[in-house]
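**Q** Sequence and predicted structure are below.
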Amino acid sequence: MIDILSLELGELEEILTSKGYERYRAKQIFSFLYKQKVYDFDSITVLKKETRKELKEEFFIYQFRVKSVAIGSDGAKKYLFELMDGSLIESVLIPMERNRFTICVSTQAGCRMGCKFCATGRMGFKRNLTTSEIVEQVRFILKDNGLKIANVVYMGMGEPLDNYDNTVKSIRILMDEYGLGISKRRITLSTCGITPALVRLKKDLPHINLALSLHSAISEKRSLIMPVNKEYPIDEVLKVLKDFPIPRRKRITFEYVMIKGLNDTKEDIRALIRVMSRFKSKLNIIPLNKHDLIGTKFEPTPIEDIEKFAQTLRDRGFFVTIRKSKGSDINAACGMLATRAS
Ligand code: SF4
């Protein structure tokens with residue numbers, strides 16, 4: 001059986017035409033899958049009964065089980081999904097200003113990158129998600145909340161570029177006008193910086209919004225909290241990012257989980273200035289979520305010190321935000337997704 005939500009439109013067209021169907025049928029089916037968000041072929045009412053029966057024999061529509069939904073005091077809604085093989089993943093719907101929403105999706109069950117401040121990293125790695133398992137998080141959450149559109153951030157469980165092919169394919173399906181029709185401006189991929197995959201991404205999705213999990217601009221310190229830096233040192237990652245064709249009016253986001261005494265010193269500010277001067281960029285400071293899930297020796301930098309740190313950089317002309325962590329009371333904030341039912 002073919003997993004239809006793992007197919008791009010062109011692939012579905014090829015399969016259907018090879019079976020003798022007209023090419024336009026693929027667009028009709030795609031529209032029902034993504035605009036109407038149907039879960040069975042019988043709901044594709046533009047097709048004859050006989051055709052629907054044939055489709056059911058060849059294809060299936062991926063579906064996962066909702067294990068739990070937790071709603072935080074700030075409106076963030078965390079979904080715990082059970083996949084067909086029993087793996088658990090989480091996705092979060094985050095309310096934004098002006099009645100907009102962002103969906104944070106996972107790309108792996110667990111993560112092998114082992115960032116020291118991250119609950120997902122501490123779970124270890126189970127497996128990559130398939131294209132349909134990534135796409136379905138968005139399709140399901142839009143339907144469940146009666147939303148037509150949302151921003152999508154690849155910032156949930158897992159490192160998206162460690163599951164390169166499925167991540168890229170899922171983004172193409174989200175962007176397809178017959179798919180979910182989400183513009184590239186609304187999609188952000190966050191990575192810890194896997195250099196060879198970034199080189200490929202530059203060709204495959206050159207105009208995608210990028211966020212780099214920087215967390216320290218000093219390579220030795222970064223290696224202490226992000227083992228990936230030993231294999232792909234930050235200097236090489238930045239070299240690749242430097243010639244990424246960033247869309248006009250867009251900036252690369254540097255994510256920066258702030259940890260007391262580790263990456264909040266004057267030396268860290270100087271290193272950040274050196275890096276940020278080379279890019280049209282924005283620094284997004286994330287106060288560390290101090291929670292029992294973390295269970296590390298790290299302490300959050302007090303908010304007054306975070307404000308001073310940010311102001312020093314702003315005074316030098318840099319664009320700095322301090323993330324108000326949404327969903328922290330339901331373990332749905334950055335670095336807290338760890339498949340524990342709330
Ligand atoms: S921060 Fe991202 S890349 Fe690092 S361990 Fe957590 S999920 Fe993986």
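**A** Everything's here; your move.
**Q** So for the residue of the stretch 51-200 of the chain found nearest the ligand, what's the nearest residue that isn't a sequence neighbour?
**A** Nearest to the ligand in the stretch 51-200 of the chain, going by Cβ to the nearest ligand atom, is residue 121, at a distance of 2.7 Å. Any C-beta I mention is one placed from the backbone N, CA and C, and that applies to glycine too. Residue nearest to residue 121 in three dimensions, not counting chain neighbours: residue 115, with 4.4 Å by Cβ to Cβ, 6 or more residues apart in numbering.
**Q** Count the neighbours of the one you found for me.
**A** Look at residue 115: counted by other Cβ atoms under 10 Å, it has 21 neighbours.
**Q** Tell me, how many residues neighbour residue 80?
**A** Neighbours around residue 80, by other Cβ under 10 Å: 19.
**Q** Name the secondary structure element that contains it.
**A** Residue 80 is located in strand 77-82, with elements delineated by DSSP states H and E.
**Q** same for the helix or strand of the chain with the lowest mean pLDDT, what does it pack against?
**A** Least confident helix or strand of the chain, by mean pLDDT, DSSP states H and E, is helix 119-123 with a mean of 83. If you count contacts as 3 or more Cβ pairs under 8 Å, 6 or more residues apart in numbering; DSSP states H and E, helix 119-123 packs onto no helix or strand.
**Q** What parts of the protein come near the ligand?
**A** Counting by Cβ under 6 Å from any ligand atom, the residues of the chain close to the ligand are 111, 113-115, 118, 120-121, 157-159, 192, 213, 335.
**Q** Just the ones of those in strands?
**A** Filtering the residues of the chain next to the ligand for membership in strands, criterion DSSP state E, returns residue 213.
**Q** Let me see the ranges of the strands in the stretch 151-300 of the chain.
**A** 151-154, 187-191, 209-213, 252-258, 281-287 (DSSP state E, counting those that start in this stretch).
**Q** would you turn these into JSON lines with mean neighbour count?
**A** JSON lines is the format used below for the strands of the stretch 151-300 of the chain (neighbours: other Cβ atoms under 10 Å):
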{"stretch": "strand 151-154", "mean neighbour count": "22"}
{"stretch": "strand 187-191", "mean neighbour count": "21"}
{"stretch": "strand 209-213", "mean neighbour count": "22"}
{"stretch": "strand 252-258", "mean neighbour count": "23"}
{"stretch": "strand 281-287", "mean neighbour count": "20"}
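**Q** in the protein, which spans are helices?
**A** Along the chain, counting by DSSP state H, helices occupy 9-18, 24-31, 49-58, 119-123, 131-144, 164-175, 195-204, 219-225, 228-231, 234-242, 266-276, 303-315.
**Q** What separation do you get for the residue of the chain most remote from its centre and residue 57?
**A** What lies farthest from the middle of the chain is residue 50; by Cα atoms, centre = their mean that is 39.0 Å. Using Cβ to Cβ, to the nearest Å, we find residue 50 at a distance of 11 Å from residue 57.
**Q** Now do the contacts for the residue nearest the centre of the chain.
**A** Nearest to the mean C-alpha position of the chain, by Cα atoms, centre = their mean, lies residue 154 at 0.8 Å. The contact partners of residue 154, by Cβ atoms under 8 Å, 6 or more residues apart in numbering, come to 105, 107, 160, 167, 171, 187, 188, 189, 190.
**Q** For the fourth one, list the residues it contacts.
**A** Residue 167 sits next to 107, 134, 154, 160, 161, 189 when contact means Cβ under 8 Å, 6+ apart.
**Q** Could you identify the most distant pair in those residues?
**A** Maximum pairwise distance among those (Cβ to Cβ): 13.1 Å, between 134 and 161.
**Q** Comparing these two, which shows the higher neighbour count?
**A** Taking neighbours as other Cβ under 10 Å, residue 134 and residue 161 compare with residue 134 leading, 31 against 22.
**Q** For burial, what's the neighbour tally of residue 83?
**A** 19.
**Q** wait, isn't it in contact with residue 132?
**A** No. Using Cβ atoms under 8 Å, residue 83 is not in contact with residue 132, being 10.1 Å away.
**Q** got the domain boundaries for the chain?
**A** The record's domain parsing of the chain by automatic domain parsing lists 2-60, 65-330.
**Q** Kindly compare burial across the ones you listed and name the winner.
**A** Stretch with highest mean neighbour count among the domains of the chain: domain 65-330 (a mean of 18; mean count of other Cβ atoms under 10 Å).
**Q** chain center to that one: distance?
**A** In terms of Cα atoms, centre = their mean, to the nearest Å, the centre of domain 65-330 is set 6 Å apart from its chain centre.
**Q** next one: stretch 41-58
**A** 33 Å.
**Q** shouldn't residue 132 be in contact with residue 8?
**A** No. Residue 132 is beyond contact range of residue 8, at 11.6 Å (criterion: Cβ under 8 Å).
**Q** how about the nearest residue to residue 189, chain neighbours excluded?
**A** Using Cβ to Cβ, 6+ apart and skipping residues adjacent in sequence, the residue nearest residue 189 is residue 154, 4.5 Å away.
**Q** Many thanks, we can stop here.
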